[in-house]
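J.: A structural model of the following input is requested.
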Amino acid sequence: MNPTTSPIQVQFLGGAGTVTGSKILIKTEKHQVLIDCGLFQGLKKLRLLNWHKPPLELDKLDAVILTHGHLDHCGYLPVLVKYGYSGPIYATEPTRDVTEIILRDSARIQEEDAQQANRSGYTVHHPAKPLYTEREVEHTLPLFRTHADGEWVIINEDFKFCFRNSGHILGSALVELKCQGKKIVFSGDLGRRKPIIMHPPYLVKEADFVVMESTYGDRLHANTSVYEELKEVVLHTVEKGGVLVIPSFAVERAQELLLLLNTLKEERSIPQIPIFLDSPMGINVTNLYLHHRNWHNLTDSECETMMRNVHVIREFEQTLHVLDQHGSKIVIAGSGMVTGGRVLYYLEKLLGDKKNTVLLAGYQAPGTRGNLMRNGSGEIKIHGAYYKVMAEVRQINTLSAHGDQADLLWWLSHFKEAPAQVFLNHGEAQASENLRLKIVDKLGFDVTVAEMNKTYLL
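T.: Numbers count the residues shown, from 1 in each chain. Here you go, the predicted structure:
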């Protein structure tokens with residue numbers, strides 16, 4: 001280290017000991033940047049953090065760099081802006097487009113939930129208010145600055161960075177950050193070695209420090225055919241005469257499901273029952289795949305297949321109509337961890353009948369309704385009322401957009417020399433610690449599991 005240079009400080013303001021609320025602050029003596037600006041989800045004690053004043057000196061924050069457009073990485077941006085941040089928000093072009101859709105939908109849901117809570121009287125706050133509104137999202141969007149994969153961007157005298165495809169969702173990127181002669185790599189969320197519709201993650205060969213996610217650091221994805229798994233669930237539900245409800249993330253997961261289900265239909269592997277996509281956000285994101293062809297491996301024909309024979313639901317009145325229809329059908333609706341959105345209205349009506357199936361098709365954070373159902377909870381609370389879980393609850397992990405333990409070790413093994421330190425974040429305690437032990441054992445790297453709000457000196 002240059003003796004005249006102060007240490008670089010790294011502080012985890014979220015995404016440490018949990019998979020939500022990702023925020024990493026990097027400080028030098030003169031400048032500060034924030035990697036990701038995510039919303040806390042799941043456990044109430046975490047969600048309440050969203051309502052605190054941002055733990056940042058916003059007048060000293062030079063830039064925000066987004067790895068991707070999932071709510072746990074971008075959903076806090078309007079709060080930052082509401083409290084006075086007016087600097088640039090750097091992202092890839094598809095991440096900017098995805099984030100706009102995500103934030104608009106998040107604000108709309110929060111406003112609707114607050115209105116319903118006030119009408120129904122099940123709020124402890126009088127009146128209930130949204131964390132942020134659509135108007136505050138409008139104030140956030142002009143701050144975005146987009147840059148291409150591999151393009152180096154100079155922020156100031158201390159920081160420059162570039163994005164590299166991370167293979168997680170459309171537009172997702174890891175960040176190579178150069179600061180005072182050191183290179184720090186932030187993985188964001190890493191995809192799998194052989195994803196269905198994304199390109200595999202870019203392999204970084206050198207870095208002084210690495211900050212890496214650990215969502216699935218303690219497990220391996222099942223080595224089974226996703227086609228066969230999905231086919232079995234559909235056939236089983238149809239045989240019962242029930243409805244298959246799939247809570248889905250709007251970005252990447254909904255598109256994979258549509259592609260897989262339509263392929264199974266065309267092969268006549270499943271019956272010709274109707275498929276409904278009831279996620280305005282999912283519909284809008286699907287359209288982005290034709291616009292950002294370089295960020296996925298689908299052909300134009302496959303993009304068109306995703307939406308073939310799919311009944312698109314945009315208005316809430318249409319949701320009510322679908323709920324009244326009899327007979328077996330497949331409904332894909334937001335949100336993926338059942339934290340809000342249209343899927344709640346389907347569950348209110350369908351959870352009480354054992355003929356129906358709820359298929360969880362992604363990670364379920366602790367404290368979410370999806371996690372409760374996955375762990376066998378006999379009832380869940382929706383819109384202030386409790387509903388018995390009589391429907392069959394299934395889960396498939398073969399669609400995960402996160403690399404598993406083997407994928408994460410594979411990505412890290414491509415560094416030519418060991419980084420001075422690897423920090424693990426974005427994982428529950430058990431997952432992060434399990435991955436730490438594996439990295440030390442297999443690669444011999446020095447590894448630290450990041451702690452919330454703790455500052456590390458580089």
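
J.: Need phi/psi at I26.
T.: Backbone torsions of I26, given as degrees, to the nearest 10, read phi -120, psi 130.

J.: Now stretch 335-352: buried residues?
T.: If you call a residue buried by 16 or more other CB atoms under 10 Å, then stretch 335-352 has these buried ones: 335-347, 350-351. C-beta coordinates here come from the backbone N, C-alpha and C atoms, glycine included.

J.: Spatially central residue in the chain, please.
T.: Geometric centre of the chain, nearest residue: H70, 3.8 Å, by CA atoms, centre = their mean.

J.: tell me which of the buried residues of stretch 335-352 is nearest to L437?
T.: Closest approach between the buried residues of stretch 335-352 and L437, by CB to CB: M337, at 27.5 Å.

J.: Can you classify that closest one by secondary structure?
T.: Put simply, M337 is coil when judged by DSSP: H, G, I helix; E, B strand; the rest coil.

J.: Just want the phi and psi numbers for it.
T.: Main-chain torsions, M337, degrees, to the nearest 10: phi -110, psi 10.

J.: I'd guessed it sits against G362; true?
T.: Yes. Contact criterion CB atoms under 8 Å: M337 and G362 qualify, at 7.4 Å.

J.: all helices of the protein, in order?
T.: 44-47, 71-74, 77-82, 93-120, 134-140, 226-240, 253-266, 280-291, 300-306, 316-324, 343-350, 369-374, 405-412, 429-443 (DSSP state H).

J.: Show me how far the longest one is from its chain's centre.
T.: When you say that, I think you mean helix 93-120. Centroid separation for helix 93-120 versus its chain: 15 Å, with CA atoms, centre = their mean, to the nearest Å.

J.: give me the low-pLDDT residue ranges for the stretch 51-200 of the chain?
T.: 121-125 (pLDDT under 70).

J.: can you tell me which residues contact H68?
T.: Contacts for H68 (CB atoms under 8 Å, 6 or more residues apart in numbering) come out as C74, T95, V98, S166, H168, I169, G171, S172, A173, G188, D189.

J.: Tally up the residues packed near the third one, please.
T.: Each residue near V98 was counted by other CB atoms under 10 Å, and the total is 29.

J.: what's the answer for the fourth one, then?
T.: Burial of S166 is recorded as 27 neighbouring residues (other CB under 10 Å).

J.: gap between G384 and E315?
T.: Remark: distance between G384 and E315 (CB to CB, to the nearest Å) = 24 Å.

J.: just to revisit the earlier point, pretty sure the residue nearest to the centre of the chain sits against V251.
T.: Yes. Counting by CB under 8 Å, H70 does reach V251; the two are 6.7 Å apart.

J.: what is in contact with those two at once?
T.: Common contact partners of H70 and V251 (CB under 8 Å, 6+ apart): I102, I169.

J.: Mind listing what's buried along stretch 404-413?
T.: Burial within stretch 404-413, assessed by neighbour count using 16+ other CB under 10 Å, is assigned to D404, Q405, D407, L408, L409, W410, W411, L412.

J.: could I get those as CSV with distance to L131?
T.: Output for the buried residues of stretch 404-413, formatted as CSV (distance: CB to CB, whole Å):
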residue, distance to L131
D404, 32
Q405, 34
D407, 33
L408, 32
L409, 37
W410, 38
W411, 34
L412, 35
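
J.: for the stretch 351-458 of the chain, what spans make up the strands?
T.: Per DSSP state E, counting those that start in this stretch, the stretch 351-458 of the chain carries strands over the ranges 357-360, 379-382, 385-388, 392-395, 421-425, 447-449, 455-457.

J.: Identify all contacting residues around the last one.
T.: Residues outside strand 455-457 that contact it (CB under 8 Å, 6+ apart) are P7, I8, Q9, V10, Q11, F423, T448, A450.

J.: Once you drop chain neighbours, what's closest to L260?
T.: Counting by CB to CB, 6 or more residues apart in numbering, L260 lies nearest to L230, which is 5.6 Å off, once chain neighbours are set aside.

J.: so who does that neighbour touch?
T.: If you count contacts by CB under 8 Å, 6+ apart, L230 has them with L257, L260, L261, L264, I396.

J.: for G69, what are its contacts?
T.: Counting by CB under 8 Å, 6+ apart, G69 touches 91, 94-99, 101-102, 169-172, 251.

J.: cutoff 7 Å now
T.: Applying CB atoms under 7 Å, 6 or more residues apart in numbering, we find G69 in contact with T95, V98, T99, I102, G171, V251.

J.: Give the closest residue to P127 in space, chain neighbours not counted.
T.: Spatial nearest neighbour of P127, chain neighbours left out: N118 (5.0 Å); criterion: CB to CB, 6+ apart.

J.: you'd agree the one you found is up against P130?
T.: No. Contact between N118 and P130 fails when scored by CB atoms under 7 Å: they sit 11.1 Å apart.

J.: circling back to that earlier point, out of the strands of the stretch 351-458 of the chain, indicate the one that is most buried.
T.: strand 421-425 (a mean of 24; mean count of other CB atoms under 10 Å).

J.: Give me the residues contacting that one.
T.: Contacts of strand 421-425 from elsewhere in the structure, counted by CB under 7 Å, 6+ apart, are 12, 15-16, 209-214, 432, 435-436, 439, 445-450.

J.: mind exporting it as CSV, just the C-alpha atoms?
T.: What follows is strand 421-425, C-alpha atoms only, in CSV (Å, rounded to 0.1, in the frame of the first residue of the first chain):
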residue,chain,number,x,y,z
GLN,A,421,-9.3,-12.0,0.7
VAL,A,422,-12.7,-13.4,-0.4
PHE,A,423,-15.7,-12.0,1.3
LEU,A,424,-18.9,-14.0,1.2
ASN,A,425,-22.3,-12.2,1.3
